[in-house]
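Undergrad: With the input below, show me the fold.
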Amino acid sequence: MQFSLEKISENIHYGKTKEYFKEVLSSYHNGNYRSAVVMLWSVAVCDIVFKLQKLIDLYEDAAAKTILNEMTDLQVADPKSALWELKLIDDVHGKTQLLDTAEYENLRYLQKQRHLCAHPVLNSERELHSPNQETVRALLRNTLEELLVKPPFYTQRIMHELLEDISESAAVLNSRKKVKKYVESRYFSRTSPTVELNIFRSMWKLVFKVEDEDCNKNRIINLRVLDVLSSRNIGKLSETLNGDQDYYSNISPTGMPLSYLVYFLSKNSSLFPLLSDDAQLKIEHCIKNDPIGKITGWFVKDSLETHANDLEAWIKSAEHPSFTPDEFDAVLQISDSDEWQEKFCKLVSTYYATSLNYDQADSRFQVSIPKHINLFNKASIICLATLIEKNSQCYSRSKARQDYEIIKSRIDVLFGDEFDYEALPYFKRKVVVTD
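TA: Just a heads-up that it's a prediction; the model follows:
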């Protein structure tokens, strides 16, 4: 898909900058490339000034205040000089975190192109310098992505605002999908990968190490933000952990932070070998002894089949664990293969079929079967019916006939009239209505 200058320009942070940039685009589309470059430089400088002023207004930022004061002094001292423009760029790069080195160098290149376009610089053929369309388009794209669409804040201030914001909005942001949509729209659509990885680093410690009142209260929503960051920067995570193993291996030895780390690693398993040996030992202990660890700790097993067998044995054991809908979701998300889907259906069937009484069977059915019934194939639906047949707490309960309409509907889809109910007399009584 071709990059759209118009589309991304709609994300320019400041309204004034967006209006100014329309003039740049107009010149570009009309083939007036020199004019586009000259105006683009002016727009970039104005946008930086707007951002510095915003830092002063929001945070009383001392560096921003000094830079703008010195800029004003230079303008007053020599109104015809443009030296203040270059000093502004140099100071913003050197004294703030608004521009990284690559962004700074691209702006310096833009300034050089602006100089060539704005002055009577003649080539050997006595012609004015004229940048080609590809050069101007690249200048427009770099300036948009690296400056104009970015909000005026530093990494640590993003962290502060982000944490405060999502904590206050936690009641509304009650699903992974909502968290992703919210933080990408409000924050990450305008941040660079470097900034996102810095936030990832800070979030890692808050979710997997620190235990205090605020962290405990916000651990779930912070984990969801961490999930968003990891999916957006998946190609850089291994390098990030490799480059700072001690930091990322400094995890909580027990408790919810460690449980949440196992859950996170179940979706980012390539990161587990990058942690230190002592961190891996903590994680392996959690997988053996903690419910969330047992549910999601597939990545230390020999195979997914081994993990499925371990879960089935645990469900059947005297420990008789209870699963929440979110925990079953985590099990299902371990793999998207057909083989894992069938094993998952066997697990939820076993979970329901090991109910100890009618009340438990009522609740377990609702947690395990209706949401997942469309995942069942012929083999797994036969397995479910067969397991039901073996437990009177399942087939004799009062709600069974109503509940089993869900199973009957799936059987009809898969088998039509060819399902053998005769081999399952107790189950048959609940799903086959006789005249």
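Undergrad: in stretch 366-377, what's buried?
TA: 367-369, 372-373, 375-376 (16 or more other C-beta atoms under 10 Å). Heads up, the C-betas are built off the backbone N, CA and C, glycines and all.
Undergrad: pLDDT below threshold where in this structure?
TA: 1-2, 120-128, 153-157, 190, 433-435 (pLDDT under 70).
Undergrad: List the residues that contact the closest residue to residue 296 other than its chain neighbours.
TA: Excluding its sequence neighbours, the residue lying closest to residue 296 (C-beta to C-beta, 6 or more residues apart in numbering) is residue 266, at 3.8 Å. Contact partners of residue 266, counting by C-beta atoms under 8 Å, 6 or more residues apart in numbering, are 296-299, 330, 333-334.
Undergrad: Dump the residues you listed into a markdown table; add neighbour count and distance to residue 399 as well.
TA: Shown next, in a markdown table, are these (neighbours: other C-beta atoms under 10 Å; distance: C-beta to C-beta, whole Å):
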| residue | neighbour count | distance to residue 399 |
| --- | --- | --- |
| 296 | 25 | 31 |
| 297 | 23 | 34 |
| 298 | 22 | 33 |
| 299 | 20 | 38 |
| 330 | 17 | 27 |
| 333 | 13 | 29 |
| 334 | 20 | 30 |
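Undergrad: Identify, from the residues you listed, the entry nearest to residue 49.
TA: Among the contacts of residue 266, residue 333 lies closest to residue 49 (C-beta to C-beta), at 47.0 Å.
Undergrad: Now do the same contact list for that closest one.
TA: Residues near residue 333 by C-beta under 8 Å, 6+ apart: 266-267.
Undergrad: roughly how far apart are it and residue 344?
TA: 10 Å (C-beta to C-beta, to the nearest Å).
Undergrad: Also residue 303?
TA: Taken as C-beta to C-beta, the span from residue 303 to residue 344 is 15 Å.
Undergrad: now swap in residue 182 and tell me
TA: 29 Å.
Undergrad: Please apply the same query to residue 363.
TA: Taking C-beta to C-beta, one finds residue 363 at 19 Å from residue 344.
Undergrad: Over to residue 185?
TA: Here residue 185 is placed at a distance of 33 Å from residue 344 (C-beta to C-beta).
Undergrad: With residue 331 instead?
TA: Taken as C-beta to C-beta, the span from residue 331 to residue 344 is 6 Å.
Undergrad: for residue 29, same thing?
TA: On the measure of C-beta to C-beta, residue 29 and residue 344 end up 54 Å apart.
Undergrad: same question, residue 366
TA: 17 Å.
Undergrad: Same question for residue 395.
TA: Distance from residue 395 to residue 344, by C-beta to C-beta: 23 Å.
Undergrad: separation between the closest residue to residue 83 other than its chain neighbours and residue 42?
TA: Using C-beta to C-beta, 6+ apart and skipping residues adjacent in sequence, the residue nearest residue 83 is residue 74, 6.5 Å away. According to C-beta to C-beta, residue 74 stands 17 Å off from residue 42.
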